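>>> Sharing a model that was predicted from the sequence below.
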Amino acid sequence: MMRSLFSGVSGMQNHQTRMDVIGNNIANVNTTGFKRGRVNFQDLISQQLSGASRPNEEVGGVNPKEVGLGVMVASIDTVHTQGALQSTGINTDIAVQGNGFFVLKSGEKSFYTRAGAFGVDKDGTMVNPANGMRVQGWMAQEVDGTRLINTSAQTEDLIIPIGQKIDARATTSVNYACNLDKRLPELPENANRAQVLESTWTTEFKVYDTFGETHELNLSFSRVPGTQNQWLATVNVDPENAEATATRTGVGTIEGTGNTFTVTFDNYGHLASVTDTAGNASAAAGQVLVQVSYNVPGATAGEDGAPVRHTFDINLGEIGTSRNTITQFAERSTTKAYEQDGYAMGYLENFKIDQSGIITGVYSNGVSNEIGQLAMAGFANQGGLEKAGENTYIQSNNSGIANITTSGVMGKGKLIAGTLEMSNVDLTDQFTDMIITQRGFQAGAKTIQTSDTMLETVLNLKR
């Protein structure tokens with residue numbers, strides 16, 4: 001009789017625990033990145049009244065007689081299913097679509113979270129503004145003029161230096177591609193300005209010197225008289241101040257003696273060769289680079305008094321092809337492609353984060369540079385993580401060691417900026433569990449009441 005009392009007590013106590021978990025789930029229905037809990041029960045040890053017996057020649061076997069002693073909590077699991085995504089429009093809000101956790105640090109201790117409501121402090125450090133924990137990742141480094149992110153290194157604090165200055169960069173390469181209309185007439189002797197304009201294809205665009213000052217690069221092509229497939233190209237930097245800039249061109253790395261070069265096409269309209277004024281010709285195959293040099297205005301002259309000259313290359317494309325190169329077809333002259341790698345000084349004004357977690361800074365001069373990349377952590381058993389409060393987890397003995405990589409690697413999900421992951425608590429499911437839990441608690445209480453009534457009847461026997 002007393003066993004039923006203790007069984008009822010265990011039922012009430014453990015259903016109280018289940019109700020505590022349900023209450024916590026409901027309380028966090030609007031908590032960013034929250035993962036609901038789940039309680040599993042198991043029975044306690046059973047008291048054996050008699051053991052089992054095997055069958056013999058006369059009678060069959062007999063099962064054991066056991067009385068259970070109640071219920072206990074088997075486990076309280078954290079259910080790491082995906083929560084719905086909510087758009088916020090804030091570029092520092094980041095959600096994980098799939099598996100993985102953001103990595104935060106407080107001092108030397110690491111924490112992990114699904115709540116990506118981040119911000120930037122006064123020093124530009126990316127942090128969780130609720131507790132100041134610093135978001136971890138890898139900062140970009142510039143190696144030989146190229147921005148690189150070494151994701152194999154140890155993680156570090158991510159810093160987004162809004163307002164940081166980026167130095168000016170002189171133009172070193174201009175990629176140029178166009179079509180020269182084969183139908184254009186040759187320039188006659190003593191041609192007037194109208195005839196020159198009709199028979200010449202001219203393009204103008206900006207390039208930058210070492211100070212970041214802009215210069216006008218003028219590149220014009222006109223047919224060579226008496227030839228079928230040759231054009232004379234004339235290059236001028238700041239044509240209105242041509243004497244001061246003293247533009248010179250040469251094929252390859254050789255500085256020419258004049259500012260012109262000759263372009264020859266084959267019978268298929270493809271680039272065949274380029275020759276400068278000094279007679280230097282391009283190779284029979286490969287990329288054709290024309291070196292352009294000019295005087296830099298305002299630069300301090302060297303010890304010999306010679307003006308400082310800046311040099312860059314015009315990439316005319318690959319010989320024998322028509323892709324991203326100069327061609328000669330019977331179509332209107334057009335410039336198909338042009339880009340150059342120089343820019344003026346600028347300041348970091350904004351940034352954006354892509355699905356791989358790369359943070360790209362947008363500068364006032366139109367340049368976009370990689371700043372860094374967010375790190376993500378994965379675990380062999382994410383259900384083994386311990387909750388540390390403030391939407392964070394810490395590593396435990398059964399979670400496994402944190403595997404730190406970028407998003408999309410080793411089963412990790414992608415990152416979506418401007419959104420937050422909502423709680424994965426389903427109120428319909430929780431209210432249903434609440435009803436079931438209430439019934440279990442009431443049933444345990446009823447067991448105690450009934451056992452008490454039976455014991456009272458036994459005590460009344462002596463009266």
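That came in fine, so what should we check first?
>>> all strands of the stretch 101-250 of the chain, in order?
All strands of the stretch 101-250 of the chain, identified by DSSP state E, counting those that start in this stretch, fall at 101-106, 109-113, 119-120, 126-127, 134-139, 141-143, 146-148, 156-157, 165-166, 173-179, 200-208, 214-223, 230-237, 248-251.
>>> Using CSV, lay out the ones you listed together with mean neighbour count, distance to residue 43 and mean pLDDT.
C-beta coordinates here come from the backbone N, C-alpha and C atoms, glycine included. Shown next, in CSV, are these (neighbours: other C-beta atoms under 10 Å; distance: least, C-beta to C-beta, whole Å; pLDDT from 0 to 100):
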stretch, mean neighbour count, distance to residue 43, mean pLDDT
strand 101-106, 21, 35, 96
strand 109-113, 20, 35, 96
strand 119-120, 16, 49, 94
strand 126-127, 22, 48, 96
strand 134-139, 22, 45, 97
strand 141-143, 11, 60, 87
strand 146-148, 11, 59, 86
strand 156-157, 15, 50, 96
strand 165-166, 15, 68, 90
strand 173-179, 19, 75, 92
strand 200-208, 17, 78, 92
strand 214-223, 20, 82, 92
strand 230-237, 20, 88, 92
strand 248-251, 24, 89, 91
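>>> Switch those strands over to CSV; also include distance to residue 361.
Conversion of the strands of the stretch 101-250 of the chain to CSV gives the following (distance: least, C-beta to C-beta, whole Å):
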stretch, distance to residue 361
strand 101-106, 20
strand 109-113, 25
strand 119-120, 12
strand 126-127, 13
strand 134-139, 12
strand 141-143, 13
strand 146-148, 10
strand 156-157, 16
strand 165-166, 8
strand 173-179, 22
strand 200-208, 19
strand 214-223, 22
strand 230-237, 30
strand 248-251, 35
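>>> partners of the helix or strand where residue 317 lies in the sheet?
Following DSSP states H and E, one finds residue 317 within strand 309-318. If you go by DSSP bridges, strand 309-318 pairs up with strand 173-179 (parallel), strand 287-295 (antiparallel).
>>> any idea of the mean pLDDT in it?
Confidence for strand 309-318, expressed as mean pLDDT, is 92.
>>> next helix or strand past it?
For strand 309-318, the following helix or strand on the C-terminal side (DSSP H and E) is strand 326-327.
>>> what about residue 4, which SS state?
helix (DSSP: H, G, I helix; E, B strand; the rest coil).
>>> burial of it, as a residue count?
Residues lying near residue 4 (other C-beta atoms under 10 Å) number 18.
>>> residues contacting the nearest residue to it once chain neighbours are set aside?
The shortest distance from residue 4 to any residue that is not its chain neighbour, by C-beta to C-beta, 6 or more residues apart in numbering, is 4.4 Å, and that residue is residue 451. Residues in contact with residue 451, defined by C-beta atoms under 8 Å, 6 or more residues apart in numbering, are 1, 2, 4, 5, 8.
>>> Work out for me the element residue 445 sits within.
Per DSSP H and E: residue 445 is located in helix 427-459.
>>> what comes up buried for that helix?
Neighbour counts over helix 427-459 (16 or more other C-beta atoms under 10 Å) mark 430, 433, 434, 437, 440, 441, 444, 447, 448, 451 as buried.
>>> Tell me the one of those residues nearest residue 20?
residue 437 (9.9 Å; C-beta to C-beta).
>>> related to what we said a few turns ago, now the helix holding residue 445: mean pLDDT?
91.
>>> is it true that residue 184 touches residue 201?
Yes - look at residue 184 against residue 201 with C-beta atoms under 8 Å: they come within range, at 7.4 Å.
>>> anything in contact with each of those two?
Common contacts of residue 184 and residue 201 (C-beta under 8 Å, 6+ apart): residue 333.
>>> and residue 420, what element?
Judged by DSSP H and E, residue 420 forms part of strand 419-421.
>>> helices or strands up against that strand?
strand 85-87, strand 94-97 (3 or more C-beta pairs under 8 Å, 6 or more residues apart in numbering; DSSP states H and E).
>>> Tell me how far the last one lies from the chain's centre.
It refers to strand 94-97. 11 Å (C-alpha atoms, centre = their mean, to the nearest Å).
>>> What pairs with that strand, parallel or antiparallel?
strand 414-417 (antiparallel).
>>> Can I get the strand it pairs with in PDB? Just the C-alpha atoms.
Taking Å, rounded to 0.1, in the frame of the first residue of the first chain, the C-alpha atoms of strand 414-417 are listed here in PDB:
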ATOM      1  CA  LYS A 414      24.400  29.400 -44.600                       C
ATOM      2  CA  LEU A 415      24.200  32.900 -43.100                       C
ATOM      3  CA  ILE A 416      21.400  35.300 -44.000                       C
ATOM      4  CA  ALA A 417      22.100  38.900 -43.100                       C
END
